[in-house]
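Visitor: could you look at this predicted model? Sequence included:
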Amino acid sequence: MENGQVPENANEHCPGTQFESAGKADSCEGCPNQQICATAPKGPDPDLVAIAERMATVKHKILVLSGKGGVGKSTFSAQLSFALAAMDFQVGLLDIDICGPSIPKMLGLEGQEIHQSNLGWSPVYVESNLGVMSIGFMLPDPDDAVIWRGPRKNALIKQFLKDVDWGELDFLIVDAPPGTSDEHISIVQDLGAASIDGAIIVTTPQQVSLIDVRKEVSFCKKVGVQVLGVVENMSGLRQPMLAASKFLRMTEAGEEKDVTEWVIEYVKEKAPELLDIIALNEVFDNSGGGATKMCREMGVPFLGKVPLDPELCKAAEEGRSCFVDQKSGTSAPALKKIIDTLMENQGISRNVVDNDA
């Protein structure tokens, strides 16, 4: 749609759905939307006014997008929210992945429910300065499938924006589903009058992911959303060479024999200086230049790379921040650097330094 008023399948010279002549003009004859347009209420959407009023107390609104699923977008959204909250900012995390809500799991909030007050829906809080909203809190059974068409998804997103009592926020992070579909159009249109700061796009290094990320960048440019930067996630597997490795030897019978203890003891005795070496394995093919090259070609900022770190995956599974201990020794510093770059690019000053990051 153009400005949310002309349906994509409309006749040529469509007057627009908000005009009095909608569904009645000569150019409307034979249009599949004629009946709907003729009977629909005209004028500005009153919900957009309510959304603008609700969002007036939110300083920064950032979308987190991806071209493909499974690239770690929600993990990034969760850890970005944890990091900002650790800096003493007031943070809200809105999960608009209606069919696959994973944010409750990644924030350690499974089984929680939404409560209502006279001010609207109350977010579910991880900490006093980190609130979360997701359809995952509304499902009676976490295994229930959400089988909704576009209009119903759009209505819930609009309700999240106008009815959730976020209070005063420094940041509202919006975790969107992959692609460029109904949810993306809805969030951009609904927040149109509330001034979106922009979008962070998450990808993996290989071309099969970058092909779709290019479409995501194109979408942002078409709808007028600034691309704050691209994050290359799962950028090589980095981990201590011995600490997290398992070593196997194939026997003559073709069976696998675990020789991990022998290898570790051998290295300790013969080459102890290798114990602190970080091993890097390129899991995905990045021979095409990865996200760095794509950003250069498309004229958008590159924020940095996050390695594939088993400890970061574990933090997401356990619903906790990767910054509060030293376990995520390769991914946490990379994420911290990306967040610092983002804030510097946007001219946002830090409140406090992350704990133990």
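Guide: Sure, I can see it. Numbers count the residues shown, from 1 in each chain.
Visitor: secondary structure class for the residue nearest to residue 301 when sequence neighbours are not counted?
Guide: Take residue 301 and drop its neighbours on the chain: the residue closest to it by C-beta to C-beta, 6 or more residues apart in numbering is residue 229, 4.0 Å away. For every residue, glycine as well, the C-beta is placed using N, CA and C. Secondary structure state of residue 229, per DSSP: H, G, I helix; E, B strand; the rest coil, is strand.
Visitor: residue 229 pairs with what?
Guide: Assessed by DSSP bridges, residue 229 has beta-bridge partners residue 200.
Visitor: that one touches residue 345, doesn't it?
Guide: Yes - when contacts are counted by C-beta atoms under 8 Å, residue 229 is listed as touching residue 345 (7.1 Å).
Visitor: which residues in the stretch 101-250 of the chain form strands?
Guide: Secondary structure of the stretch 101-250 of the chain, counting by DSSP state E, counting those that start in this stretch: strands at 115-117, 120-122, 124-127, 130-134, 169-175, 198-203, 227-232, 237-240, 248-250.
Visitor: against which helices or strands is the second one packed?
Guide: For strand 120-122, the elements it packs on are strand 115-117, helix 150-163, judged by 3 or more C-beta pairs under 8 Å, 6 or more residues apart in numbering; DSSP states H and E.
Visitor: lowest average pLDDT across these?
Guide: Per-stretch mean pLDDT for these is lowest at strand 115-117 (a mean of 89).
Visitor: and that one, which strands flank it?
Guide: In the sheet, strand 115-117 lines up with strand 120-122 (antiparallel) (DSSP bridges).
Visitor: in the partner strand, what counts as buried?
Guide: 121, 122 (16 or more other C-beta atoms under 10 Å).
Visitor: if you average pLDDT over it, what comes out?
Guide: Mean predicted lDDT for strand 120-122 stands at 95.
Visitor: mind checking the end-to-end distance for stretch 266-286?
Guide: 34 Å (C-alpha to C-alpha, to the nearest Å).
Visitor: how far off centre is it?
Guide: Here stretch 266-286 is found 32 Å from its chain centre; the criterion is C-alpha atoms, centre = their mean, to the nearest Å.
Visitor: and for stretch 248-264?
Guide: Mean C-alpha position of stretch 248-264 versus that of the full chain (C-alpha atoms, centre = their mean) differs by 41 Å.
Visitor: need the contact partners of it.
Guide: Residues outside stretch 248-264 that contact it (C-beta atoms under 8 Å, 6 or more residues apart in numbering) are 242, 245, 246, 247.
Visitor: what is the neighbour count of the first one?
Guide: Under the neighbour criterion other C-beta atoms under 10 Å, residue 242 is assigned a count of 17.
Visitor: isn't it right next to residue 274, touching?
Guide: Yes - counting by C-beta under 8 Å, residue 274 is a contact partner of residue 242 at 7.4 Å.
Visitor: next, the contact list for residue 210, please.
Guide: 67, 203, 288, 290, 291, 294.
Visitor: please report how far residue 98 lies from residue 189.
Guide: As judged by C-beta to C-beta, to the nearest Å, residue 98 and residue 189 stand 16 Å apart.
Visitor: next one: residue 72
Guide: The value you get for residue 72 to residue 189, if C-beta to C-beta is used, is 27 Å.
Visitor: right, and the helix or strand after the lowest-mean-pLDDT helix or strand in the chain?
Guide: One helix or strand of the chain scores below all others by mean pLDDT, DSSP states H and E: helix 34-39, with a mean of 73. Tracing the chain past helix 34-39, the next element assigned as helix or strand by DSSP states H and E is helix 46-55.
Visitor: who are the packing partners of the following helix or strand past that next one?
Guide: Counting by DSSP H and E, the element after helix 46-55 in chain order, helix or strand, is strand 58-66. When contacts are defined as 3+ C-beta pairs under 8 Å, 6+ apart, strand 58-66 packs onto helix 73-86, strand 169-175, strand 198-203, helix 207-223.
Visitor: partner strands of strand 58-66, parallel or antiparallel?
Guide: Applying DSSP bridges, one finds strand 58-66 paired with strand 169-175 (parallel), strand 198-203 (parallel).
Visitor: please save the CA atoms from that strand in CSV.
Guide: Output of strand 58-66 as CSV, limited to C-alpha atoms (Å, rounded to 0.1, in the frame of the first residue of the first chain):
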residue,chain,number,x,y,z
VAL,A,58,9.1,6.4,24.6
LYS,A,59,12.4,8.1,23.5
HIS,A,60,13.8,5.6,21.1
LYS,A,61,12.0,3.0,19.0
ILE,A,62,14.2,0.4,17.3
LEU,A,63,13.0,-2.5,15.1
VAL,A,64,15.1,-5.7,14.9
LEU,A,65,14.6,-7.4,11.6
SER,A,66,16.0,-10.3,9.6
